[in-house]
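Asks: sharing a model that was predicted from the sequence below.
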Amino acid sequence: MPDDITLLLRVCTIYHWEILQGALVMFIKRSLFLKAWHFQCPRWLFIPLDIVYFLVYTLSMTQTINLKELRPQLPRVMQAVDQRLDRFIVTRRGYPLAVIMSPDDYQGLLDTLDLLEDKAGLARLKRAKREIRTGKTRPIDEIRRSLTRV
């Protein structure tokens, strides 16, 4: 994960986060950390991608569980999937059988795959990242006004 690439997050009010990076919307909105702590956020927040990578893969880690162990622990597993976005690989006799993940997580993966398969969309994403790096951004209020006029 490149250290020099940063992800730009825009804060629109004190308690409400609006994120201009589609792949992280679901994770940050449902994150227990952000639900539990209400604090005044800076107007602009830069989070290096290596920190985001750490958060995604440690706070919502994929765990392996045997089918026999899953049966009595199903309520706990479902709670972990719903609240912490954990993912579980269910195995039978040591071989992967199924994956349990939240519908939002699954939809996010499908959306990411669609984006990566779309050459024009991928080019727009690269151009947007380049514009963010060079500071060619627009305030969220301006974007909202342009969307309400349409």
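Replies: Sure, I can see it.
Asks: quick one: mean pLDDT over the helix or strand containing Ile89.
Replies: Assigned by DSSP states H and E, Ile89 belongs to strand 87-92. The average pLDDT for strand 87-92 rounds to 90.
Asks: start at 696 instead
Replies: Noted, 696 is the first residue going forward, which turns the last one into strand 782-787.
Asks: quick check: next helix or strand after that strand?
Replies: Downstream of strand 782-787 (by DSSP H and E), the next one is strand 790-795.
Asks: now do the helix or strand that comes right after that next one: which elements does it pack against?
Replies: Moving toward the C-terminus from strand 790-795, the next helix or strand (DSSP H and E) is helix 798-812. Under the contact definition 3 or more C-beta pairs under 8 Å, 6 or more residues apart in numbering; DSSP states H and E, helix 798-812 sits against helix 720-725, helix 814-829. The C-beta positions use only the backbone N, C-alpha and C, and glycine is treated the same way.
Asks: what mean pLDDT does the longest one get?
Replies: The one in question is helix 814-829. Here the average pLDDT along helix 814-829 is 84.
Asks: distance check, Asp809 against Gly816.
Replies: As for Asp809, its distance to Gly816 is 8 Å (criterion: C-beta to C-beta, to the nearest Å).
Asks: mind listing what's buried along the strand holding Ile784?
Replies: Arg782, Phe783, Val785, Thr786 (16 or more other C-beta atoms under 10 Å).
Asks: and what of stretch 763-775?
Replies: Under the neighbour-count criterion of 16+ other C-beta under 10 Å, stretch 763-775 has Leu765, Val772, Ala775 buried.
Asks: contacts for that stretch?
Replies: By C-beta atoms under 8 Å, 6 or more residues apart in numbering, the surrounding residues in contact with stretch 763-775 are Ile760, Asp781, Phe783, Val785, Ile795.
Asks: C-alpha coordinates for it, CSV please?
Replies: Output of stretch 763-775 as CSV, limited to C-alpha atoms (Å, rounded to 0.1, in the frame of the first residue of the first chain):
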residue,chain,number,x,y,z
LYS,A,763,-19.6,-27.7,14.0
GLU,A,764,-18.5,-24.6,16.0
LEU,A,765,-20.7,-22.3,14.0
ARG,A,766,-24.0,-24.0,15.0
PRO,A,767,-24.0,-23.1,18.7
GLN,A,768,-22.2,-19.7,18.1
LEU,A,769,-24.5,-18.5,15.2
PRO,A,770,-26.1,-15.6,17.2
ARG,A,771,-22.6,-14.3,18.3
VAL,A,772,-21.3,-14.7,14.7
MET,A,773,-24.3,-12.8,13.3
GLN,A,774,-23.9,-10.0,15.8
ALA,A,775,-20.2,-9.7,14.9
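Asks: good, we can wrap up now.
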